[in-house]
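**Student:** I need the structure of the sequence given here:
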Amino acid sequence: MKIFLYAAAIVSALHGIGCATINAQAPVAFEAPGDLPDAARLDVTLIEFDPGLPPDGETVPKGIYPEIRKAEAKLLPIHLENTLEETQQWGTVSVLPVEPVATDVTLTATILHSDGRELWLLVRVKDASGRVWFERKYRTEAYQGSYGSAYRALDPHQPMYNTIANAMVEARSKLDAKQLAEISTISELQFASYLSPEAFDGYLIEDEDGEVEIVRLPAVDEPMLQRVEEVRLRDEMFVDTMGIHYQNYAATLASNYWHWREASSHELFAKEALQREQWTRGAVGVLTLGMIAASGAFLAAPEAIAASIAGAAILQQQMQVIHALGQQRQMHEEGLHELADSFQAEVQPTVIDLNSTTVRLTGTATAQYEEWQRLLRDVYQAENAMIADVYMMPRQPTEEAWIGDNTLPMVPSPRDVDRR
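**Tutor:** Below you'll find the model as predicted:
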C-alpha cells in the first residue's frame, strides 16, 4: 500500500510539469492622441505575408499545412490592418498582394510557425526613404481554453498585433517633423517617377544602401505634378476596391479558420497530455519496480491487474480524444481549402470605367494590381501627351485644358473626399 501511495505522489508531481502559464498583462494598442500632427499620419501598406513554405518540389515539413498557410498569408495582414486602423495612428492602411510602386510605410512579414496554438512572425517595416524601422521576430501562444465561445470576439493572438502596432508607433516617434514630411514627399515623387520617368528624373537619388534622398523639388504649381495627384487618387480608389475583396475574404473564412485553430490547438494540448501521461506512467513503473526489488515486496496480482487496466483505459480515452480532434482539424482544413479559392473568384474580374472607357481586369489579385499600375502609367502618359499639344497652341491654356474631364463614375469613400 505504501508503494501505491508513493507512486501516486510521483504521478501528482509529474503531472505538474509543463503546464502553461497565462500572462494577464496583455499589451494594448496605443491609440492616437488628440494632438497627433497630420504629418505623423503616414499611409501604411501591408503586403500579403510570405506563407513560409518550402520551394516547389521540396518536401513540406510535418505539421505545416500549405493551404492553411496560404490562407493565413492573406488573413493575418487583414487582422493587423484592422488593428492599425482602430488606433487611428495612421493615414490610409491597406493590404495589397505585392509592393506598390510608392507608399509611405511598407510592412512585410513571413510566417515562421503557425499551428493554431503558437504563431511566429518575422516582421519588417520600412518607409519610402528606404529607412528600416525595425525587423524582428514576434511570438504569441494561445492558452488552453482561449478558443472557447466566451472568447470568440477576441483573437487569441491579438496581443501580437497590438505589440507590432505599438512598435510601429515607437519607431515613428524617433523621427522628427522634417523626416516625416520627407517620407510623404519621397512617396509622391516615387509615384510620379513611375508614371513619367523622364519628367521626374533627378528629383530623388538612391545610395548603394537603398536609402533615398530628395535632391530637388518640383514647383508647387507644376501642372504635371497636379496630374500625378489626380492619377494617384484613382489608384487609391482602386486599392479601396481591393480592400473590400480582402475584407470579404476574411469574413468568409472567419468561422472555418477559427474552428480549425481551435481543433488544432486542442489536438496539440491533448498530444502533450498523452505524452506526459505515458512518460509519467513509465517513470512510476520504473521507480515502483526499483522499490519492490529493494524492499523484497511483491505486488498482489489483483492490485497489479487493476492498476494496469485503469492506466490502459486512461491512455485509450486520450487516444480517442486526439483522433476526434484530428478529424475535426482535417474537416475544417478541407473547408478552408475550398473557401480559399473564393478569393480568386472574388477578384475576377474587376470592371472599371476610366474616362468613359470600360476596363476589365482579370486574373489573380497580384495580376490585377500589376496590370492596374501599368494601365495608370499608360493613361497618365496619354493624357499628358494631349496636354503637351494644348500647351503648344498660341493661346494660354485654361485650367480646364490642363485638368480635363477625368472624373471616374465611382462613388468615393469618405476618406477620398477628405483627401481631396
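**Student:** A39 belongs to a strand, doesn't it?
**Tutor:** No - with DSSP: H, G, I helix; E, B strand; the rest coil as the criterion, A39 is assigned helix and is not in a strand.
**Student:** tally of neighbours for it?
**Tutor:** Other residues lying near A39 total 16 when counted by other Cβ atoms under 10 Å. Quick note: C-beta positions are derived from backbone N, CA and C, even for glycine.
**Student:** nearest residue to it other than its sequence neighbours?
**Tutor:** Leaving out its chain neighbours, the residue that sits closest to A39 by Cβ to Cβ, 6 or more residues apart in numbering is L180, at 4.4 Å.
**Student:** quick one, what contacts that neighbour?
**Tutor:** 37, 39-40, 42, 172 (Cβ atoms under 8 Å, 6 or more residues apart in numbering).
**Student:** any idea which of these has the most stuff around it?
**Tutor:** L42 (23 neighbours).
**Student:** can I assume that one is in contact with V105?
**Tutor:** Yes - using Cβ atoms under 8 Å as the test, L42 is close enough to V105 to be in contact (5.1 Å).
**Student:** Need the overlap of contacts for those two.
**Tutor:** Contacts common to L42 and V105, judged by Cβ under 8 Å, 6+ apart, are 90, 127, 183.
**Student:** Need the residues you listed in TSV (columns: distance to V379).
**Tutor:** As requested, those are exported to TSV (distance: Cβ to Cβ, whole Å):
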residue	distance to V379
W90	28
D127	28
I183	27
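**Student:** most neighbours, which of these?
**Tutor:** Neighbour max across the shared contacts of L42 and V105 (other Cβ under 10 Å) = D127, 25 neighbours.
**Student:** so it touches A181, yeah?
**Tutor:** No - using Cβ under 8 Å, D127 is not in contact with A181; the gap is 11.9 Å.
**Student:** quick revisit: now do the residue nearest to A39 against Y143, distance only.
**Tutor:** 39 Å (Cβ to Cβ, to the nearest Å).
**Student:** V212 now?
**Tutor:** V212 is 44 Å from Y143, by Cβ to Cβ.
**Student:** So which of the two has more stuff around it?
**Tutor:** Neighbours per residue (other Cβ under 10 Å) separate V212 from Y143, with V212 holding more: 20 against 14.
**Student:** Would you check that that one makes contact with Y203?
**Tutor:** No - the pair V212 / Y203 is not scored as a contact, 10.2 Å apart, by Cβ under 8 Å.
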